[in-house]
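Trainee: Build me a structure from this.
(one chain, ligands or ions: 4)
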Amino acid sequence: MKQAAAARLIPISEIFGPTIQGEGALIGRPTVFVRTGGCDYRCSWCDTLYAVLPQYRDEWQPMSSEAILTRVQHLSGGHPLLVTLSGGNPAMQPLAPLLEQGHAQGYTFALETQGSIAQPWFADLEVLTLSPKPPSSGQEMRWERLERCLTAACAGSGNAGPQICLKIVVFDEADYTYAREVAARYPELPLYLQAGNHTPPHLAQEIDTAGILSRLQWLMERVMADQWYEVRVLPQLHTLLWGNRRGV
Ligand SMILES: C[S@@+](CC[C@H](N)C(=O)[O-])C[C@H]1O[C@@H](n2cnc3c(N)ncnc32)[C@H](O)[C@@H]1O
Ligand SMILES: Nc1nc2[nH]cc(C(=O)O)c2c(=O)[nH]1
Ligand code: SF4
Ligand SMILES: [Mg+2]
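Mentor: Ligands and ions are numbered 1, 2, ... in the order given. Predicted coordinates:
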């Protein structure tokens, strides 16, 4: 009995907000972030390695879904709002009870994941952001896994299923070509290009905002030159506002 309860605990790296969602389809939207610990990927430029690498495990707090929701309620002053689940890879965690309990109190949920692990509870989300990793990440693309995530999100019987969107980080021409391939495979899904931050904490002392903005400019010009008019091009707004600061 004790063990079953322990199995439902979720390793939490941080819970913070309300802040604005700095990325993708919901950019600018007030939200509280719940960041789970642990990831099945090791992207070369990951900006949240403290929620990825096992060496940080001691900093992750095992929490029940009730305790997570209590913290979210405290931060939001009891006003239901959008909760963004990120990580690490939050798809590794048993989040169905959190969604159920949060929904009962009026909270809505968006999830950020790379699309490597599918969960039946994807169907209970309001928004699912799939962020398949481009060549610069050093991770191998497994299309069948992304496909399984899409199937899981659409398989729910009780509701309409989440709004699904794709978000691809672009650093260079090879990443851009990859993004075009993703768009060609999934023409029906809204796709966001996100200019990469080449100066995450483990790679630089300080953020290079000017460098990020010139990549964003290159990316916009690249998209216009291709007359690619269905895509959306964005920076990480929180990075422009707060650099590599945690908890914002
Ligand atoms: C830290 S990840 C956590 C969720 C999940 N593991 C994922 O990758 O989608 C959240 C988002 O940040 C993006 N990201 C991570 N490092 C970045 C960087 N250096 N520059 C731009 N975006 C980055 C990821 O690609 C992902 O879209
Ligand atoms: N403000 C803000 N927006 C974000 N969008 C995605 C984030 C993430 O790390 O998953 C993030 C984050 O850490 N902060
Ligand atoms: S998948 Fe996400 S959290 Fe995991 S290493 Fe890559 S960017 Fe970081
Ligand atoms: Mg981030």
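Trainee: The helix or strand harbouring Val233 packs against which elements?
Mentor: Using DSSP states H and E, Val233 sits within strand 232-234. Packing partners of strand 232-234 (3 or more CB pairs under 8 Å, 6 or more residues apart in numbering; DSSP states H and E): strand 191-195, helix 209-225. Bear in mind the C-beta positions are built from the backbone N, C-alpha and C, glycine included.
Trainee: Serialize the ones you listed to JSON lines and add fields for mean pLDDT, mean neighbour count and distance to Pro11.
Mentor: Formatted as JSON lines, the helices and strands packed on strand 232-234 follow (pLDDT from 0 to 100; neighbours: other CB atoms under 10 Å; distance: least, CB to CB, whole Å):
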{"stretch": "strand 191-195", "mean pLDDT": "99", "mean neighbour count": "22", "distance to Pro11": "26"}
{"stretch": "helix 209-225", "mean pLDDT": "98", "mean neighbour count": "15", "distance to Pro11": "30"}
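Trainee: how about the ones you listed, which one is nearest Tyr56?
Mentor: Nearest of these to Tyr56, taken as CB to CB: strand 191-195 at 23.9 Å.
Trainee: got the contact list for stretch 68-78?
Mentor: The contact list for stretch 68-78, computed with CB atoms under 8 Å, 6 or more residues apart in numbering, reads 10, 12, 15-18, 32, 34, 63, 83, 98, 101-102, 105, 107.
Trainee: I'd like to know which of those are buried.
Mentor: Among these, the ones that count as buried by 16 or more other CB atoms under 10 Å are Ile10, Ile12, Ile15, Gly17, Pro18, Val32, Val34, Met63, Val83, Leu98, Gly102, Tyr107.
Trainee: Could you list which of those residues belong to helices?
Mentor: Filtering the buried ones among the contacts of stretch 68-78 for membership in helices, criterion DSSP state H, returns Leu98, Gly102.
Trainee: between the buried ones among the contacts of stretch 68-78, which is closest to Arg142?
Mentor: Distance to Arg142, by CB to CB, is smallest for Ile10 among the buried ones among the contacts of stretch 68-78, at 24.8 Å.
Trainee: Counting by contacts, list what the helix or strand that the strand holding Val233 is followed by packs against.
Mentor: As assigned by DSSP H and E, the chain's next helix or strand after strand 232-234 is helix 237-242. The contact analysis (3+ CB pairs under 8 Å, 6+ apart) places helix 237-242 against strand 10-20, helix 209-225.
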